[in-house]
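*Asks:* Give me coordinates for this.
(chains A, B, C and D, ligands or ions: 4)
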There are 2 protein chains.
Amino acid sequence: MITSQPTCDKVTLVTDDCDRTTPAFAPHDHRACEARALDEAAGRLAEQGGRMTPVRRRTLEILLESHRAMGAYEVLDRLAAEGFGHQPPVAYRALDFLVEHGLAHRLQRLNAFAACLHPGHDHAPAFLICRACDKLAELPAAPVRTALSNLAAETGFAVERVTIEALGLCPACAEAGA
Amino acid sequence: MITSQPTCDKVTLVTDDCDRTTPAFAPHDHRACEARALDEAAGRLAEQGGRMTPVRRRTLEILLESHRAMGAYEVLDRLAAEGFGHQPPVAYRALDFLVEHGLAHRLQRLNAFAACLHPGHDHAPAFLICRACDKLAELPAAPVRTALSNLAAETGFAVERVTIEALGLCPACAEAGA
DNA sequence: GTTGACTTGTTATCATGTAACATGAAATGG
DNA sequence: CCATTTCATGTTACATGATAACAAGTCAAC
Ligand SMILES: [Zn+2]
Ligand SMILES: [Zn+2]
Ligand SMILES: [Zn+2]
Ligand SMILES: [Zn+2]
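*Replies:* Ligands and ions are numbered 1, 2, ... in the order given. Reported below is the predicted structural model:
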């Protein structure tokens, strides 16, 4: 059980294809996206001492196939079809492991999971969820989080974890709808 | 089906017992809390044309008994014990109605519902959830929401609804724990 | 090579949420 | 006042999401 709290929201304006302003919504080289995430994930796990087993790797790969959140049972179906176990705990354990180690996120609003797109460092982003195409983007949420913590502090409440999930329209769908 | 979006986060520094800075966490005259919420709820419904039926009223009263979020089945048990229907849709319909009309909120993180404490005007607050005592407070979230919308706008994403839920320790529990 | 920690798989069960349909109350309109 | 229509309430049955508890296999360390 990993107990580290998400703390870092550094806005790393890296220069590779997938991590610019609108990673998920803009067209991009998604193969690179996947590859980099897997790579960073491996590094992250090495630091933390977690073991990247077949089920876990495959689960992460499945999540990485699209910029969408997937339900646990959807993941399970995929795993089962590929020869892994057929029972819910198989999926939930793999998913929980990925979340605990910062390689995936849980979307509270959707009861679903999504791969983290830059697991290289600990972070707790806000999520933008397109209600039309279901795509999902992470947004560095440090400013937002700080604003909330300050507000809460005025009431004496000590914020530990924050869930920020926004529903709306991605650029593509907004244009299509208009 | 009500389609109005939550738009107002006015910080009304009213002078009655229950609506100060820490309505839920601080000791207060909770009878007044309930009474005022029910009263405002009635007014709100009148404006919107909704009907406050027995199940709906009772559901709201049950939610108002405490500053906690309740699961739909917990509410259902109470309703059933009082002679209302025994099946899930009974609770879900009443709860959905209350949420759609701004008289209750849904807590995504908890899969649970809570009465709105000041349903007098349309609002979409942030929530502070104490992990020790389960109590819950609403926080005017306009600044936070604005910060997020601005961030999102940079990526071309049009935010429509935002879920902000913070987990942490309320003043009382923080003191007790220390 | 045996111990001990961890991983994977199972069965069974619980929790949460909806679809679809039948009945009943209430507003609407002649 | 009654007919029409709309909305509310109740039901059964099912879908989806999540976990507890146990058995067996894997792997590193000593
Ligand atoms: Zn990508
Ligand atoms: Zn979209
Ligand atoms: Zn109160
Ligand atoms: Zn508390």
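*Asks:* C-alpha only now, for contacts and for neighbours.
*Replies:* Will do.
*Asks:* just checking, what's the longest strand in chain A?
*Replies:* In chain A, taking DSSP state E as the definition, the longest strand is strand A:158-169.
*Asks:* now the helix or strand that comes right after that one, how far from the chain's geometric center?
*Replies:* Next helix or strand after strand A:158-169 toward the C-terminus (DSSP states H and E): helix A:171-177. Mean-position distance between helix A:171-177 and its chain equals 23 Å (CA atoms, centre = their mean, to the nearest Å).
*Asks:* average pLDDT for helix A:171-177?
*Replies:* Mean pLDDT, computed over helix A:171-177, is 89.
*Asks:* Please apply the same query to stretch A:136-148.
*Replies:* For stretch A:136-148, the per-residue pLDDT averages 92.
*Asks:* One more: stretch A:45-60?
*Replies:* Stretch A:45-60 shows a mean pLDDT of 93.
*Asks:* Report whether that stretch contacts DNA strand D.
*Replies:* No - Stretch A:45-60 lies apart from DNA strand D when judged by CA under 7 Å from any atom of the strand; the minimum separation is 8.5 Å.
*Asks:* Now do the end-to-end distance for that stretch.
*Replies:* Stretch A:45-60 has its terminal residues 13 Å apart, counting by CA to CA, to the nearest Å.
*Asks:* looking at it, A:Ala115 is touching A:Leu60, isn't it?
*Replies:* Yes - contact criterion CA atoms under 8 Å: A:Ala115 and A:Leu60 qualify, at 6.4 Å.
*Asks:* who's more crowded, the two?
*Replies:* Taking neighbours as other CA atoms under 10 Å in any protein chain shown, A:Ala115 and A:Leu60 compare with A:Ala115 leading, 29 against 25.
*Asks:* mind listing what the more buried one touches?
*Replies:* Residues near A:Ala115 by CA atoms under 8 Å, 6 or more residues apart in numbering or on different chains: A:60, A:63-64, A:69, A:103-105.
*Asks:* can you count the residues close to the nearest residue to it once chain neighbours are set aside?
*Replies:* Sequence neighbours aside, A:Ala104 is the residue nearest to A:Ala115 in space, at 4.2 Å (criterion: CA to CA, 6 or more residues apart in numbering or on different chains). Close neighbours of A:Ala104, defined as other CA under 10 Å, add up to 24.
*Asks:* Also A:Gly71?
*Replies:* A:Gly71 is flanked by 18 other residues according to other CA under 10 Å.
*Asks:* Okay, and the beta partners of the closest residue to it other than its chain neighbours?
*Replies:* Setting aside the residues directly before and after it, A:Gly71 is nearest to A:Ala112 in space (CA to CA, 6+ apart), at 4.3 Å. Applying DSSP bridges to A:Ala112 gives these bridge partners: A:Leu107.
*Asks:* Quick check, A:Ala112 in contact with A:Ala69.
*Replies:* Yes - using CA under 8 Å, A:Ala112 is in contact with A:Ala69, at 5.6 Å.
*Asks:* between the two, who's got more neighbours?
*Replies:* Higher neighbour count among A:Ala112 and A:Ala69: A:Ala69, with 22 against 18, using other CA under 10 Å.
*Asks:* For the nearest residue to the more buried one once chain neighbours are set aside, list the residues it contacts.
*Replies:* Spatial nearest neighbour of A:Ala69, excluding adjacent residues (CA to CA, 6+ apart): A:Ala114 at 4.5 Å. Contacts for A:Ala114 were tallied using CA under 8 Å, 6+ apart; they are A:63-64, A:67-70, A:104-107.
*Asks:* shared neighbours, A:Ala115 and A:Leu60?
*Replies:* In contact with both A:Ala115 and A:Leu60: A:103-104, using CA under 8 Å, 6+ apart.
*Asks:* any residue of stretch A:154-168 up close to chain B?
*Replies:* Yes - applying CA under 8 Å from any CA of the partner chain, one finds stretch A:154-168 in contact with chain B at A:154-168.
*Asks:* do the same with stretch A:88-98
*Replies:* No - using CA under 8 Å from any CA, stretch A:88-98 never reaches chain B; the gap is at least 15.8 Å.
*Asks:* Please identify the pairing partners of the longest strand of chain A and their relative orientation?
*Replies:* Applying DSSP bridges, strand A:158-169 is found paired with strand A:126-130 (parallel), strand B:158-169 (antiparallel).
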